[in-house]
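*Asks:* Here's a sequence, model it:
(one chain, ligands or ions: 3)
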Amino acid sequence: MVRWKKIRLAVALVAVAVLATLAWTRFNTKRSAVANDTVTLAQLRGADAAAVARGAYVMRTGDCMACHSAGQGEFAGGYNIDTPFGRIVSSNITPDPETGIGGMTEREFFNAVRHGQGSKGLLYPAMPYTAYQRLTDQDMHDLWAYMSTVAPVHNEIEETAGLGFPFNIRLVMAGWNLLFFDNRPFTPTPGLSIEQTRGQYLVDGGTHCAACHSPRNLLGAESGKGYMQGGNLGLWYAPDLTPNPHTGLGGASEDSVVEYLRTGSNGVAVATGPMAEAVEHSFQHLEESDIRSIARYLQTLPASPGTRPKAIAQDTPAMQRGALRYEVNCSACHGVRGEGMGGMTAAFAGNRSLQSDDATSLMHVMLVGGRAAATEAKPTGAGMPSFAWKMSDRQIAETLDYIRNSWGNAAKPVDEAEVARLRSVLSARDQLPAN
Ligand code: HEC
Ligand code: HEC
Ligand code: HEC
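*Replies:* Ligands and ions are numbered 1, 2, ... in the order given. Here you go, the predicted model:
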């Protein structure tokens with residue numbers, strides 16, 4: 001009996017030790033000790049001009065402005081992010097001492113951006129600290145210098161007002177961090193070239209591609225499994241970026257990936273939705289050499305396992321209805337042979353992400369329309385009209401099946417019930433009754 005007691009005690013002690021170690025690694029902010037802890041952002045004056053310029057670039061890479069501005073002023077917060085747990089609002093990160101981060105010291109800023117420990121408690125991962133944890137000390141110092149040049153804006157934000165119980169309790173994030181936050185500096189994959197390593201640093205850190213292009217588990221965490229093999233964002237699908245030749249970038253030339261990221265289109269795919277925003281606010285402003293590093297790093301990833309399904313036969317009645325609808329409604333913009341319009345509208349022939357198993361983005365633009373990225377290089381930003389009023393859920397599914405299975409394409413059938421679900425989530429119009 002005594003022996004059992006001892007074993008139980010030993011097991012309990014080991015469990016406590018493991019938890020304590022885990023907690024220590026997850027919440028450890030030792031790395032922030034390199035930062036100054038005496039001067040607040042509001043007090044900081046005369047930051048070195050070169051550091052400010054480099055910091056502006058880090059900010060572009062991290063796309064901070066896009067998420068932290070919503071009409072009340074640059075970096076003044078108020079941007080809504082809808083998650084499965086409710087709505088979270090981005091913080092005011094201007095140097096205003098009362099409503100912004102003017103009262104933060106550099107060290108507190110490092111703790112927030114790299115460790116998710118903000119001025120009101122633990123941050124929610126809608127703020128991508130899980131990616132920014134990899135930013136180097138140098139990039140963080142520069143970012144801090146840049147933030148001191150931002151104009152203060154008085155704008156009170158209640159970040160968690162739209163979150164339901166118990167998710168509105170910040171301490172809940174302690175459990176999440178314990179389970180999922182891999183609190184570590186950037187560690188390059190061994191064997192990569194300097195350029196590919198720079199690409200990995202950008203992809204996993206600042207530009208946080210993986211935050212959208214990797215799958216997440218039920219608690220909203222990237223599990224590491226399926227890294228960059230495609231992620232469902234609820235209302236959009238961010239496609240596979242591994243070298244898979246069917247759904248990924250396997251068949252794409254490096255130049256075409258670079259062109260897409262810098263201009264929003266490569267003549268086949270056209271960025272829309274969240275990707276258009278990332279291209280407009282961030283990627284088009286990056287050095288071409290950085291964009292090329294990203295493309296080169298993506299080539300080093302293991303290809304995802306997905307294979308090409310058998311194409312749906314052209315002569316089924318549903319496909320013939322799809323063909324007719326395509327000719328009448330779509331061919332003027334997308335081409336009789338799915339060839340698109342020189343990067344203004346998406347081409348469908350040879351469009352890999354069009355053939356992803358997950359058709360959420362396609363259903364999305366069919367239901368509410370879309371707008372192409374408008375960049376300095378390609379300023380038009382052409383519009384895709386909504387077809388919700390004109391087509392039933394089944395007709396939308398059939399039309400998508402047709403473009404996903406013609407001109408050499410092959411993809412799984414689109415589920416009519418999924419179209420119906422998305423129509424209701426997006427509050428897209430009902431189809432007008434035919435008379
Ligand atoms: C995808 C959207 C998104 C991006 C991109 C983003 N943020 Fe945030 N950020 C948020 C949200 C949402 C919050 C509020 C989180 C919370 O309160 O739990 C936040 C909170 C913060 C905070 C904490 C403020 C405080 O008072 O505790 C800081 C600092 C911050 N962000 C800085 C940055 C910087 C710097 C960048 C760019 C490197 C950046 N953010 C990019 C969404 C984003
Ligand atoms: C905010 C979420 C988000 C981020 C961050 C993001 N993407 Fe995307 N990406 C998407 C979505 C959604 C699409 C699908 C867009 C569409 O259908 O037009 C997409 C499409 C793409 C495509 C087009 C694939 C094809 O052939 O059609 C490429 C390439 C791509 N992303 C690369 C990247 C890279 C590289 C990064 C980081 C530097 C990145 N994305 C960051 C959401 C994101
Ligand atoms: C007035 C011109 C126009 C018409 C008509 C049109 N489209 Fe589009 N479509 C566009 C443009 C521009 C884009 C690129 C911007 C975007 O994706 O929002 C696009 C993009 C798309 C995409 C790609 C979305 C993605 O995620 O990459 C799909 C799918 C699509 N259209 C399907 C159709 C179908 C099916 C029809 C006919 C029922 C149709 N379109 C009719 C202009 C048009």
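*Asks:* The stretch 1-150 of the chain: helices as residue ranges?
*Replies:* 2-27, 49-62, 64-68, 106-115, 129-132, 137-147 (DSSP state H, counting those that start in this stretch).
*Asks:* Let me fix that, I meant to ask about the stretch 151-300 of the chain.
*Replies:* 172-180, 194-204, 209-213, 254-263, 273-281, 288-299.
*Asks:* ok so, going back, okay if I get the helices of the stretch 1-150 of the chain as JSON lines plus mean pLDDT?
*Replies:* Rendered in JSON lines, the data for the helices of the stretch 1-150 of the chain read as follows (pLDDT from 0 to 100):
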{"stretch": "helix 2-27", "mean pLDDT": "71"}
{"stretch": "helix 49-62", "mean pLDDT": "97"}
{"stretch": "helix 64-68", "mean pLDDT": "93"}
{"stretch": "helix 106-115", "mean pLDDT": "97"}
{"stretch": "helix 129-132", "mean pLDDT": "93"}
{"stretch": "helix 137-147", "mean pLDDT": "98"}
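*Asks:* so which of the helices of the stretch 151-300 of the chain is the most packed in?
*Replies:* helix 209-213 (a mean of 21; mean count of other Cβ atoms under 10 Å). No exception for glycine: its C-beta is placed from N, CA and C like everyone else's.
*Asks:* can it be found next to ligand 1?
*Replies:* No: residues of helix 209-213 are not located near ligand 1 by Cβ under 6 Å from any ligand atom, the shortest gap being 7.4 Å.
*Asks:* And that helix, what does it pack against?
*Replies:* Other elements packing on helix 209-213 under the criterion 3 or more Cβ pairs under 8 Å, 6 or more residues apart in numbering; DSSP states H and E are helix 129-132, helix 194-204, helix 273-281.
*Asks:* quick one: that helix to chain centroid distance?
*Replies:* 4 Å (Cα atoms, centre = their mean, to the nearest Å).
*Asks:* Rounded mean pLDDT for it, please.
*Replies:* For helix 209-213, the mean per-residue pLDDT is 92.
*Asks:* Let me know whether residue 51 touches residue 145 as I believe.
*Replies:* Yes: under the criterion of Cβ atoms under 8 Å, residue 51 makes contact with residue 145 at 4.0 Å.
*Asks:* okay, these two: which has more neighbours?
*Replies:* residue 145 (23 against 17; other Cβ atoms under 10 Å).
*Asks:* Might you report the residue contacts of that one?
*Replies:* 44, 47-48, 51-52, 55 (Cβ atoms under 8 Å, 6 or more residues apart in numbering).
*Asks:* out of the residues you listed, which is most surrounded?
*Replies:* Of the contacts of residue 145, with other Cβ under 10 Å as the count, residue 55 tops at 23 neighbours.
*Asks:* Verify the contact between that one and residue 142 for me.
*Replies:* Yes: with contacts counted by Cβ under 8 Å, residue 55 reaches residue 142, the gap being 3.7 Å.
*Asks:* Quickly name whichever of the contacts of residue 145 is closest to residue 98.
*Replies:* Here the nearest of the contacts of residue 145 to residue 98, counting by Cβ to Cβ, is residue 44; it sits at 16.8 Å.
*Asks:* ok, now which ones touch that closest one?
*Replies:* 95, 144-145, 148.
*Asks:* returning to what we had before: do you know which of the helices and strands packed on helix 209-213 lies nearest ligand 2?
*Replies:* helix 273-281 (3.3 Å; Cβ to the nearest ligand atom).
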